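# Here's a sequence, model it:
(2 chains)
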Amino acid sequence: AQKVTQAQTEISVVEKEDVTLDCVYETRDTTYYLFWYKQPPSGELVFLIRRNSFDEQNEISGRYSWNFQKSTSSFNFTITASQVVDSAVYFCALRRGTGANSKLTFGKGITLSVRP
Amino acid sequence: DAGVIQSPRHEVTEMGQEVTLRCKPISGHNSLFWYRQTMMRGLELLIYFNNNVPIDDSGMPEDRFSAKMPNASFSTLKIQPSEPRDSAVYFCASSLGREETQYFGPGTRLLVL
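Below is the predicted model of the structure:
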């Protein structure tokens, strides 16, 4: 069975602080994909990143970075120098690999509040 | 480029009424997904289509829910009769193929009184 755990439910930081959102996953598959989505107050779900299980390279995109560690089944997301516009709910998601069911299994989400 | 389009954005109806949610996937995408978001259960897949064919409908709550995809550019999710517990945000997503990234529409916020 697929499972995604986002143990942090709410995080509040002051603008310009760095913040890390944790994601731990469970799967028996050797091939799988991990995702992060952002849900701002307006409600839409915005795709941020996708990683496959064979690519453990960390990724940086502007103020965003992701740390994928298969050894600990974690795919953590760090926002550097947070801004008020980063306030949103962030979801980590897992999908099985090639040829398997395409559904996304989501974590419960982490509500991030960035105060001015 | 236009993203996934959903209509209506908001729907308020009374228990027992039929509700139809609509989705237009991104042009060229051949996989379409319907998800539901509630406070209690979070985001969960209801059904998905590949090349207009339903592949997995195991998430559809019960017979009151049905989904169709008559062509590559349109899908509907119908609830008949609706119940208060169906109140949720319903998202449609599409992807270039089953293996590709899913892009979500803005969602339909449904309230059943």
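# Tell me the residues on chain A that lie near chain B, please.
A:35, A:37, A:42-47, A:50, A:91, A:98, A:101-104, A:106-109 (CB under 8 Å from any CB of the partner chain). (Each C-beta comes from the backbone N, C-alpha and C, glycine too.)
# By mean pLDDT, flag the weakest helix or strand of the chain.
Using chain A. Ranking every helix and strand in chain A by mean pLDDT, DSSP states H and E puts strand A:59-61 at the bottom, with a mean of 89.
# please go with chain B instead
strand B:53-56 (a mean of 93).
# Next, the buried residues of the next helix or strand after that strand.
Using DSSP states H and E, the helix or strand that directly follows strand B:53-56 along the chain is strand B:65-71. Going by neighbour count (16 or more other CB atoms under 10 Å in any protein chain shown), the buried part of strand B:65-71 is B:F65, B:A67, B:M69.
# For A:L48, the count of nearby residues, please.
Applying other CB atoms under 10 Å in any protein chain shown, we find 16 residues neighbouring A:L48.
# Can you list the strands that the strand or helix carrying it pairs with?
In this assignment (DSSP H and E), A:L48 forms part of strand A:46-52. Looking at strand A:46-52 with DSSP bridges, its partner strands are strand A:32-39 (antiparallel).
# Pull the partner strand out as PDB, backbone CA atoms only.
Extracted C-alpha coordinates of strand A:32-39, given in PDB (Å, rounded to 0.1, in the frame of the first residue of the first chain):
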ATOM      1  CA  TYR A  32       7.800   5.400  -8.000                       C
ATOM      2  CA  TYR A  33       7.400   9.200  -8.300                       C
ATOM      3  CA  LEU A  34       7.200  11.900  -5.700                       C
ATOM      4  CA  PHE A  35       5.500  15.200  -6.100                       C
ATOM      5  CA  TRP A  36       5.000  18.500  -4.200                       C
ATOM      6  CA  TYR A  37       1.900  20.600  -4.900                       C
ATOM      7  CA  LYS A  38       1.000  24.000  -3.500                       C
ATOM      8  CA  GLN A  39      -2.500  25.100  -2.600                       C
END
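# Run through who's touching it.
A:23, A:25, A:45-53, A:66, A:68, A:75, A:77, A:88-97, A:104, A:106, A:109, B:101, B:104 (CB atoms under 8 Å, 6 or more residues apart in numbering or on different chains).
# Next, count neighbours for residue 23.
In the absence of a named chain, this looks at chain A. 27.
# if you could check chain B rather than the one you did, that'd help
Around B:C23 there are 25 residues (other CB under 10 Å).
# Noted, bye for now.
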